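Asker: just coords:
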DNA sequence: CGGGCAATGTTATATTATAACATAACCATG
DNA sequence: CATGGTTATGTTATAATATAACATTGCCCG
């Protein structure tokens, strides 16, 4: 389902990057937020808020839904995770500095949500918005289907 | 918020079209389904399942959530309504025969969800999918922002 | 060290959606 | 027109997702 050979490293990297970004922006990367981000990355795919909650409960005592949702809100606002609306799930952002919009290829077999941030897509969407005199704020683009791995494409 | 001068007509048209489509496909356009579709169109914008339920309750006795969700599932499967995932709401499809995929410009001011089915978008999305060896099944594209009316663009 | 703000805790509840089983309506076929 | 299969709806209960509202804690700055 995923390619990173040393998945531990990729989690650690994500956390470090988050740390840096928060420091740079002078916002607090608290324990809860770190833990939630870590769990999102550990899942290495879309994870649901209550699944995060479940995993947290095993470690720390009695964290409740609002705490998780607040952390997720924070992480989302700061581009560290994305919400996948069609799944009601959250996924770590692989390039939290590059751009706000992320497009996803979501495999209904293995559940992977691969970022696919083709600028051509952004262009054509911007063009369409402009053509409709629409002032774009945020774009949700979620493509479901079957990924190459699951289809057994060499 | 919307342009159709005679909104009653546009509801009636949508229902008639639905009738025809279901007849052609030899599937049943039952009372519940018709009523739900009518309410979706009456709202003339995204409407939530429980709002539909509320409006139904006033007319018919004691319709329960599963009934509404089943009707919405049916209508969605047959391309007569679309679900807007970022709003958890449903909207009538203006061209139920032309294509399955629909893209939306959603105004966060007035709540309108305008279909914008630019084939250029479809092209670029298909291209990206192919490039990723991804077998596309369904596309969710929801652009939030502010529509021309709300921005007061002449 | 105290006042203010940001974050989290806590309780309760709202909102969205479905499982599971019972009944009814529809309809083809003998 | 009986009957049996299929599709649709009714019904009860509950699962899953998310937030409101208020209390408390912790952090930082002066």
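Answerer: Ah, there it is. Quick caveat: nothing in here was measured; it's all calculated off a predicted structure. Numbering: from 1, shown residues only, chains lettered A, B, ... in the order given.

Asker: The host helix or strand of residue A:75 near DNA strand D at all?
Answerer: Per DSSP states H and E: residue A:75 is located in helix A:65-77. Yes: applying Cβ under 7 Å from any atom of the strand, one finds helix A:65-77 in contact with DNA strand D at A:65-66, A:69, A:73. C-betas here are computed from N, CA, C, even on glycine.

Asker: Any chance of JSON lines for the residues you listed, columns pLDDT?
Answerer: JSON lines is the format used below for the residues of helix A:65-77 next to DNA strand D (pLDDT from 0 to 100):
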{"residue": "A:65", "pLDDT": "97"}
{"residue": "A:66", "pLDDT": "98"}
{"residue": "A:69", "pLDDT": "98"}
{"residue": "A:73", "pLDDT": "98"}
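
Asker: Against DNA strand C, which of these make the cut? List them.
Answerer: Counting by Cβ under 7 Å from any atom of the strand, the members of those near DNA strand C are A:65-66.

Asker: which one among the residues of helix A:65-77 next to DNA strand D gets closest to DNA strand C?
Answerer: residue A:66 (3.6 Å; Cβ to the nearest atom of the strand).

Asker: And for that closest one, the neighbour number?
Answerer: Other residues near residue A:66 come to 9 when the count uses other Cβ atoms under 10 Å in any protein chain shown.

Asker: what do you get for residue A:56?
Answerer: Neighbour tally, residue A:56, other Cβ under 10 Å: 20.

Asker: Does it belong to a helix, a strand or coil?
Answerer: helix (DSSP: H, G, I helix; E, B strand; the rest coil).

Asker: isn't residue A:138 right next to residue A:101, touching?
Answerer: Yes: between residue A:138 and residue A:101 a contact is recorded at 7.3 Å, counting by Cβ atoms under 8 Å.

Asker: Looking at those two, which one has more neighbours?
Answerer: Per other Cβ under 10 Å, whichever of residue A:138 and residue A:101 has more neighbours is residue A:101, with 17 against 13.

Asker: In three-state terms, label that one for me.
Answerer: Here residue A:101 takes the coil state, with states given by three-state DSSP.

Asker: how about the nearest residue to it, chain neighbours excluded?
Answerer: Take residue A:101 and drop its neighbours on the chain: the residue closest to it by Cβ to Cβ, 6 or more residues apart in numbering or on different chains is residue A:139, 4.9 Å away.

Asker: quick one: is the helix or strand hosting that neighbour near DNA strand D?
Answerer: Assessed by DSSP H and E, residue A:139 sits inside strand A:135-146. No: applying Cβ under 7 Å from any atom of the strand, one finds strand A:135-146 separated from DNA strand D by no less than 12.7 Å.

Asker: The residue nearest to residue A:101 and residue B:130: what is the separation?
Answerer: For residue A:139, the distance to residue B:130 (Cβ to Cβ, to the nearest Å) stands at 21 Å.
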